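Asks: next comes the sequence, and after it the predicted model I'd like to discuss.
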Amino acid sequence: MNQSYLFKAFFIAAALFSFTYSEAQRPSGPPQAATAQGAPAGNAQARPAARTTTTGDVHLPIDTVVRTQHQITVKGQRFSYTAHTGMQPVWNEDGKTIATLFYVYYTRDDVKDRSNRPLVISFNGGPGTASVWMNIGYTGPRRLKISAEGYPVQPYGIEENPYSIIDVADIVYVCPVNTGFSRIVDKTVDKSRFFGVNADVNYLASWISAFITRNDRWASPKFLIGESYGTTRVSGLANRLQSSEWVYLNGVILVSPTELGITRTGPTSDALMLPYYAATAWYHKQLPADLQNKDLEEILPEIEKFTIDKYMPALARGGSLSEGDRNSIAATVARYSGLKKESVLQNNLIIRPNFFWKDLLRDKGFTVGRLDSRYLGKDQMDAGMGPDYNAELNSWLHSFTPAINDYLRNDLGFKTDLKYYMFGPVYPWNNDNDRTGMQLSSAMMSNPALHLLVQSGYYDGACDYFNAKYDMWQINKSASLDSRMDWKGYRSGHMMYLRKDDLKTSNEDLRAFFKKATPAPGTEIKYPDLN
């Protein structure tokens, strides 16, 4: 769907926060590196993170790291790992620090040779959100305490993540400028150097290259994973890293991908949401009995085929469609979406997302969530063309915000008075010349070792699963990349890993992907011979 919906949700969330650069708080001392049990780590480096100065301003650490040791059990095996929590500079062309990025880097302790161990570089989206979501929600060794379906519970906190990929890969979670604790250092630098689809990719590529060098990971298989706008980010990075930093990747993982700069307007854009509508209607038991009584994945191929073969061509015909055909299409769209035929006709056969979220359960007095349509909302009035708020986003901020602040400062020992930006001030954001999807395609064509995995939640209405498939079709127009591209669907929403069953399955899918995309030692990296 159109990325304007994604950015609109960001603005709504950002309005909940006060963005200031003067963050004078109470004095704070230097962080103490510690194990999970509170004892000093043997190889720990403890440096001041952030403190108030004599003028009352918060000190911004530019180049620092705190190391703490912890233990975890994954797939029945107990082992220790180290969390490296720190800040690494962003330099300009003359080697001057212009910004500093906050990161959390997890390494398994009993690995002596990392040349065959994947390094996973993780970004979230927004474009102005921190790396909190996948760190304590998905792949990291500690997970947010939530219910099995992903709803907030109190008391807030963190627990071991028994499904984490830390058993098979090391992971670094990166916060771009003005997200998390990351900040601009040189206030004379034009913000357009950071805040735009291509500017973002350019400075992050240099930062990643420096991180790889500092942490001695040049020999390791390398993977990028991005969620939501993070998929735009890592798609562009795959090509930029290859062409400008000479960093060749083994894999890219797109979690709930955006449009990736791949244009879709008119009938294409209007039609592609229908399979998502059907999935949501199925979840809320709003489909006719013959569809409702089948499994979700049994009915979706039928709806996808109708969308491409009949619905899209019908919308392309517009007013030239005969009355009989118009009624037939409206009846089928109503059947698959759970809406009334009259509503479909009144909207000229085009169902806008806001209307769907408002109308599906209007008669029952509820709205459905945008980022995860399993969530229900309650508006002041049942009338209207769209919900008053995003029920799921409020729920997520409710649970993630206290947990990440406590975890970073207390468990990982990064003591600071800096505000942790769940959503940071990154606007205006320049979206001009977004060709990230085609840049990913170019990187895959020129690097025969590069693989792609796409993960989507069926109930995600912001970055819906069928638009993700459409992305893949356009990236792979020649069908020559089929063997290196995989798509996986899950029975949850934008952050499909919040549902416990999908957390387990999606992490297993990552493990299988790492194995597939990491060639055996001595394997030639090339296209196969013709003879």
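Replies: Done, it's in.
Asks: and the nearest residue to residue 134 once chain neighbours are set aside, what does it touch?
Replies: In this structure, residue 134 finds its nearest non-sequential neighbour in residue 122, 5.3 Å apart by Cβ to Cβ, 6 or more residues apart in numbering. Every C-beta, even on glycine, is put in place using the N, C-alpha and C of the backbone. Applying Cβ atoms under 8 Å, 6 or more residues apart in numbering to residue 122 gives the contacts 131, 134, 135, 139, 171, 172, 173, 174, 225, 226.
Asks: in terms of contact, does the first one touch residue 179 like I think?
Replies: Yes: with contact taken as Cβ atoms under 8 Å, residue 131 and residue 179 are classed as touching, separated by 7.5 Å.
Asks: okay, and the common contacts of those two?
Replies: Common neighbours of residue 131 and residue 179 (criterion: Cβ under 8 Å, 6+ apart): residue 124.
Asks: from residue 109, how far off is residue 80?
Replies: Residue 80 is 4 Å from residue 109, where distance means Cβ to Cβ, to the nearest Å.
Asks: quick one: low-confidence ranges for the stretch 401-531 of the chain?
Replies: Across the stretch 401-531 of the chain, nothing is flagged by pLDDT under 70.
Asks: output the longest strand belonging to this protein.
Replies: In terms of residue count, the longest strand belonging to the chain (DSSP state E) is strand 77-91.
Asks: so how far is that strand from its chain's centroid?
Replies: A distance of 20 Å separates the centroid of the chain from that of strand 77-91, by Cα atoms, centre = their mean, to the nearest Å.
Asks: contacting residues for residue 347?
Replies: By Cβ under 8 Å, 6+ apart, the contact set of residue 347 is residue 355.
Asks: give me the phi and psi angles of it.
Replies: With angles defined as degrees, to the nearest 10, residue 347 sits at phi -100, psi 20.
Asks: residue 231 now?
Replies: Here is the backbone geometry of residue 231 (degrees, to the nearest 10): phi -70, psi -40.
Asks: tell me the confidence at it?
Replies: Model confidence at residue 231, given as pLDDT, is 98.
Asks: against residue 140, how distant is it?
Replies: To residue 140, residue 231 is 19 Å away according to Cβ to Cβ.
Asks: comparing these two, which residue is more hemmed in?
Replies: Between residue 231 and residue 140, counted using other Cβ atoms under 10 Å, residue 231 has the larger neighbour count: 31 against 25.
Asks: what is in contact with residue 80 and residue 109 at once?
Replies: Common neighbours of residue 80 and residue 109 (Cβ under 8 Å, 6+ apart) are residue 69.
Asks: angles on the backbone of the most centrally placed residue in the chain, please.
Replies: The chain has residue 227 as the residue nearest its centroid, 1.4 Å off, counting by Cα atoms, centre = their mean. Here is the backbone geometry of residue 227 (degrees, to the nearest 10): phi -120, psi 140.
Asks: roughly how far does it sit from residue 460?
Replies: Distance, residue 227 to residue 460, by Cβ to Cβ: 11 Å.
Asks: residue 128 now?
Replies: Separation of residue 128 from residue 460 (Cβ to Cβ): 19 Å.
Asks: need the strands for this structure, in chain order.
Replies: Secondary structure of the chain (DSSP E): strands located at 64-74, 77-91, 97-108, 119-123, 142-144, 158-160, 170-175, 183-184, 222-227, 251-255, 367-368, 376-377, 451-457, 485-490.
Asks: and of those strands, who's closest to residue 397?
Replies: For those, the distance to residue 397 is smallest for strand 142-144, at 11.9 Å, taking Cβ to Cβ.
Asks: so what secondary structure elements neighbour the closest one?
Replies: Using 3 or more Cβ pairs under 8 Å, 6 or more residues apart in numbering; DSSP states H and E, the elements in contact with strand 142-144 are helix 132-137, strand 158-160, helix 391-406.
Asks: need those in JSON lines (columns: distance to residue 201).
Replies: Formatted as JSON lines, these follow (distance: least, Cβ to Cβ, whole Å):
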{"stretch": "helix 132-137", "distance to residue 201": "19"}
{"stretch": "strand 158-160", "distance to residue 201": "31"}
{"stretch": "helix 391-406", "distance to residue 201": "25"}
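Asks: where among the ones you listed is average confidence lowest?
Replies: When these are compared on mean pLDDT, helix 391-406 scores lowest, with a mean of 86.
Asks: residue 478: which of the helices and strands packed on strand 142-144 is closest?
Replies: Minimum separation from residue 478 across the helices and strands packed on strand 142-144 (Cβ to Cβ) falls at helix 132-137, 31.6 Å.
Asks: shaky segments in this protein?
Replies: 1-56.
Asks: which residues touch the nearest residue to residue 128 once chain neighbours are set aside?
Replies: Spatial nearest neighbour of residue 128, chain neighbours left out: residue 426 (3.7 Å); criterion: Cβ to Cβ, 6+ apart. Contacts for residue 426 (Cβ under 8 Å, 6+ apart) come out as 126, 127, 128, 176, 177, 178, 179, 194, 195.
Asks: now stretch 471-479: buried residues?
Replies: For stretch 471-479, the neighbour count (16 or more other Cβ atoms under 10 Å) marks 471, 472, 475, 476 as buried.
Asks: count the residues that sit near the closest residue to the third one other than its chain neighbours.
Replies: Residue nearest to residue 475 in three dimensions, not counting chain neighbours: residue 441, with 4.4 Å by Cβ to Cβ, 6+ apart. Other residues near residue 441 number 24, with proximity taken as other Cβ under 10 Å.
Asks: hang on, residue 441 packs against residue 480?
Replies: No: here residue 441 lies out of contact with residue 480, judged by Cβ under 8 Å, at a distance of 10.2 Å.
Asks: and for those two, which residues touch both?
Replies: Counting by Cβ under 8 Å, 6+ apart, residue 441 and residue 480 have no contacts in common.
Asks: if we can go back for a sec, need the strands of the chain in JSON lines (columns: distance to residue 302).
Replies: Output for these, formatted as JSON lines (distance: least, Cβ to Cβ, whole Å):
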{"stretch": "strand 64-74", "distance to residue 302": "39"}
{"stretch": "strand 77-91", "distance to residue 302": "43"}
{"stretch": "strand 97-108", "distance to residue 302": "43"}
{"stretch": "strand 119-123", "distance to residue 302": "36"}
{"stretch": "strand 142-144", "distance to residue 302": "36"}
{"stretch": "strand 158-160", "distance to residue 302": "41"}
{"stretch": "strand 170-175", "distance to residue 302": "39"}
{"stretch": "strand 183-184", "distance to residue 302": "51"}
{"stretch": "strand 222-227", "distance to residue 302": "29"}
{"stretch": "strand 251-255", "distance to residue 302": "26"}
{"stretch": "strand 367-368", "distance to residue 302": "22"}
{"stretch": "strand 376-377", "distance to residue 302": "27"}
{"stretch": "strand 451-457", "distance to residue 302": "18"}
{"stretch": "strand 485-490", "distance to residue 302": "15"}
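Asks: coming back round to it: ok, which pair from the contacts of residue 426 is furthest apart?
Replies: Among the contacts of residue 426, 126 and 194 lie farthest apart (Cβ to Cβ), at 13.0 Å.
Asks: more neighbours, those two?
Replies: A side-by-side neighbour count of residue 126 and residue 194, using other Cβ under 10 Å, places residue 126 first with 27 against 22.
Asks: follow-up on the earlier one: would JSON lines of the contacts of residue 122 with distance to residue 390 and neighbour count be doable?
Replies: Formatted as JSON lines, the contacts of residue 122 follow (distance: Cβ to Cβ, whole Å; neighbours: other Cβ atoms under 10 Å):
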{"residue": "131", "distance to residue 390": "21", "neighbour count": "27"}
{"residue": "134", "distance to residue 390": "19", "neighbour count": "23"}
{"residue": "135", "distance to residue 390": "22", "neighbour count": "28"}
{"residue": "139", "distance to residue 390": "24", "neighbour count": "27"}
{"residue": "171", "distance to residue 390": "28", "neighbour count": "25"}
{"residue": "172", "distance to residue 390": "29", "neighbour count": "23"}
{"residue": "173", "distance to residue 390": "24", "neighbour count": "26"}
{"residue": "174", "distance to residue 390": "25", "neighbour count": "25"}
{"residue": "225", "distance to residue 390": "24", "neighbour count": "27"}
{"residue": "226", "distance to residue 390": "21", "neighbour count": "27"}
